[in-house]
Structure formats: structure tokens, C-alpha cells
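Enquirer: Sharing a model that was predicted from the sequence below.
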Amino acid sequence: MADAASRLRSLAEQVLGTPLPMRVRAWDGSLDGPPDAPALVIRNRRALRRMLFKPGELGLARAWVAGDLDIEGDLYTALEMMAGLVWERGEDARTLMQAVRDPEVRAAARELLKLAGPPVPPAPPREEIRRSRRRLHTRRTDKRAISHHYDVGNDFYEIVLGPSMVYSCAYWEDGGTLETAQRDKLELVCAKLGLTAGMRLLDVGCGWGSMAIHAAREHGVHVVGVTLSQEQAAYARKRVADEGLTDRVEIRVQDYRDVVDGPFDAISSIGMAEHVGAERYLEYARQLYALLAPGGRLLNHQIARRPQRDESAYEVDPFIDAYVFPDGELAPLGTTVTQLERAGFEVRDVESLREHYARTLRRWVLNLEAGRHRAVRLAGPGRTRVWQLYMAACALAFERNRIGVNQVLAIRTPESGGSGLPPRPRVWHG
């Protein structure tokens, strides 16, 4: 009888209708496939059951998070190979139905089911968020989603993010470190907002307080930072106190929809708008517009996806939704700009930082790998594997232009029409 690895490769290739570019290492120790390729390590039959009972990305993710599935070799190369098999095949429903009707495919699928063992679907890993269908992006559900992602533990995020504690893409120059690149990104935001001493800044989704502290310390502004995460707020408040900035920085656990003490001279929203959702985005834009004084500026830093021919067919990535950013949604850049304009903003500048985010994510992956043992102690092996997979996969997605990230500078232009911007505003490039 053939060993498990060769049987798996043969059956999988029949089901997929294409050769597997990776090696397969099975639970019996057998190995089969191209000698120089990374190996997909199937540690037990349970991994196979996870993939068969939930075909596609979610089944693979469950097996990975549970530790039933692993990669031997370069993770990025393996993810690129798997993307071609799982995420980018571009098969429509008709093609899939034809494959299912093929007698050879059906026979191979039956053999895989036999090889997988008892026909009982394993329970999802505990790291997978459990929820029923409900209305998205209410104050209650947003708070729960934010807590799932950000209340993993501040010590865990210190391992991943490093001393800057900035959880959005850095702004890199050749030879720069992660810390200097994150400082340069914060300064870039301050420059675009035109911050000067005495101004009042609202930082929406303030995280661990890095933007608020930088703006207050370096530019003398008064900052209100809002977050839905109790752990983030406690950490940020301690940092503010340690910096001696309690007279200029206030950190609140508050939904942006509940902020009523405008007007502000400027608003920064860095990596927060992805949580808002398509149904709520115009409300988000109108709320920020209402909170700005005439002539005030908004810097909206947001991940974007590529537009689809049929936008109604867009679905949230199942792995990201179940394990990383519950209820998070990505919109095309054009949609974001349109919604900001519908709210009343004048959009004055758009800058893509796509390559910068890819580089940032690779740096975070290295940080996690270097601190892996401590990360496992703090957050558990499953959560550590979630972060490793999602950051590595996202790095590739940015590099391959599957997703992007943009800073949109918008103004609540006063009735006089004066924008307050210099004739050539991109002086921040030096």
C-alpha cells in the first residue's frame, strides 16, 4: 500500500485538477513531492477532516490554528503556492459543479474521506470567534469585535509591534528601523494635518496612544484619543502619564459616534475605518465632518481592496473574519473617496503606502518569530499562529497589489472656499 503522503498528493491532484507544487509530509512520516519545495505538514488525520468538512480557506485556517497543519520551509513561498490553489483559481460555480460531477473527482473525494478517518467534523479552535447572524456594526457588536482583536494582551503586542506600539504601516526610508519608520509615519500624518501648538486633535481609534503622544509632545496640540479597547486605553493612559502629557492628552473608552465635544481643528483616523463597515461608512464620514471646525482637516489612513466587477459579490475573507478582525470590511479606494465627498469633505490628496505596509508586516513577522516562546506563553499557541499566518499572508497581498493602503487628506472647506493648503502641499516629501 502506498504511504499516506503519496496517496494524499495523488488524490488531492485529482480533486483539484492540477499538480501540487508543494511537498506533502503526512502523519506516518512519509514525504512526497518536489524536493526543493516547501512541505505542507499534515500532522494527523484530524487536519484532513478539517479541510474536507470545511473546504477552502476556513478549513485550512482551522487546521493551521489548531496545530494540525504546518509548513516546513519558507512560509511566504508556501503561501504563494497555496494562494494559487485555494484563493486565486477564479473558478465560477459552473466550473465547480462540473468538477463535482466528474466521476474521477468524486471517487478521489471519497478516498480522501476514507483516509481522513471517522466522519465527524472536529470542533473549531477556541480562537475562532463564535457569533450568530445579526445586525453588524452596532455599538455593542463593534465593541465586541474590537475586544476580540485588541484585548489579546498588551505584552503580546509589544512583542509584535516593538517599542513604537503603532499598529499600522510604517513610512520607510532605506536603512531605517521599524521604530524610526513608525515615527516618520506619525510625523507624516502631523504634517498633512498641519498641526501647530494650541490646536485640538481628535484621534479616532487611538490604539496604544502613539499618535496622540507624538502630536502633543512634538507639536504642542491638545488631543482626545478614543478607543473601544479597555486594555489599549489603560496602556495609553500610563504612557501619557509617563510622558508628562496628562494636561494635553485625554484617552477615552468611547465609540466615535458618541463624541460630542467638537469642534476639533483636525482628526486623525489611522487604521480604524476598516472596522466601520460599508453600511455605516457614510455615517462615519458625516460624524467626523460634523466634529471638525470649518477649515479643519481629516487624515483617513485605511486599507483598500481592489474593486470587483460585481461589487455585490464581495465577501469578507473568512479567515480574517473568524480569527483576526471580526466584521471588518475593506472597500475600494474610490468608494472611500466618494463617501467622504458625500459627507461634505473636499478630498485634497491621496497617497498610497502599499509597499510600506508589506515591509512593515514582514518586520512584525520577524518580531513574532524572535519572541515566539514568550508570545505562546502570553497568548497561547493558537493565537500566536493566527497572527503569524495573517501577517505573512497580508504582506504578500500588499506586495502583489491584491490590497493596498492609502492616506486620504480631506478638508471641511469653509464657505469662503479657502482650503488653507499651500499651492504645492506635498512639502512633506522633503
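Expert: Structure received.
Enquirer: Mind naming the longest strand for the chain?
Expert: strand 292-305 (DSSP state E).
Enquirer: Check which helices and strands that strand is in contact with.
Expert: Judged by 3 or more CB pairs under 8 Å, 6 or more residues apart in numbering; DSSP states H and E, strand 292-305 is in contact with helix 178-193, strand 264-270, helix 333-342, strand 403-411. Where you see a C-beta, it was placed from the backbone N, CA and C, and this is true even at glycine.
Enquirer: by contact count, what packs against the shortest one?
Expert: Other helices and strands packing on strand 264-270, by 3+ CB pairs under 8 Å, 6+ apart, are helix 178-193, strand 200-204, helix 210-219, helix 281-291, strand 292-305.
Enquirer: run the last query once more with 6 Å
Expert: Counting contacts by 3 or more CB pairs under 6 Å, 6 or more residues apart in numbering; DSSP states H and E, strand 264-270 is packed against strand 200-204, strand 292-305.
Enquirer: With mean pLDDT, mean neighbour count and distance to residue 225 added, can I get the ones you listed in JSON lines?
Expert: Shown next, in JSON lines, are the helices and strands packed on strand 264-270 (pLDDT from 0 to 100; neighbours: other CB atoms under 10 Å; distance: least, CB to CB, whole Å):
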{"stretch": "strand 200-204", "mean pLDDT": "98", "mean neighbour count": "25", "distance to residue 225": "4"}
{"stretch": "strand 292-305", "mean pLDDT": "98", "mean neighbour count": "22", "distance to residue 225": "14"}
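Enquirer: Please tabulate these in CSV and include distance to residue 354 as additional columns.
Expert: Output for these, formatted as CSV (distance: least, CB to CB, whole Å):
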stretch, distance to residue 354
strand 200-204, 22
strand 292-305, 9
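Enquirer: Mind pulling up the pLDDT for the spatially closest residue to residue 346 that is not a sequence neighbour?
Expert: By the measure of CB to CB, 6 or more residues apart in numbering, the closest residue to residue 346 outside its immediate chain neighbours is residue 413, 4.4 Å from it. Here the pLDDT value assigned to residue 413 is 97.
Enquirer: my guess is residue 413 meets residue 347, correct?
Expert: No - using CB atoms under 6 Å, residue 413 is not in contact with residue 347; the gap is 10.3 Å.
Enquirer: so which of the helices and strands packed on strand 292-305 gets nearest residue 231?
Expert: Evaluated with CB to CB, the helices and strands packed on strand 292-305 place strand 264-270 nearest to residue 231, the distance being 18.3 Å.
Enquirer: Given that closest one, what are its sheet partners and their directions?
Expert: Looking at strand 264-270 with DSSP bridges, its partner strands are strand 200-204 (parallel), strand 292-305 (parallel).
Enquirer: now the longest strand of the chain, how far from the chain's geometric center?
Expert: Mean-position distance between strand 292-305 and its chain equals 19 Å (CA atoms, centre = their mean, to the nearest Å).
Enquirer: For the stretch 101-250 of the chain, which residues score under the pLDDT cut-off?
Expert: 101, 131-151 (pLDDT under 70).
Enquirer: thinking again about what came up before, and of the helices and strands packed on strand 264-270, who's closest to residue 67?
Expert: Using CB to CB, the helices and strands packed on strand 264-270 put strand 292-305 closest to residue 67, at 28.5 Å.
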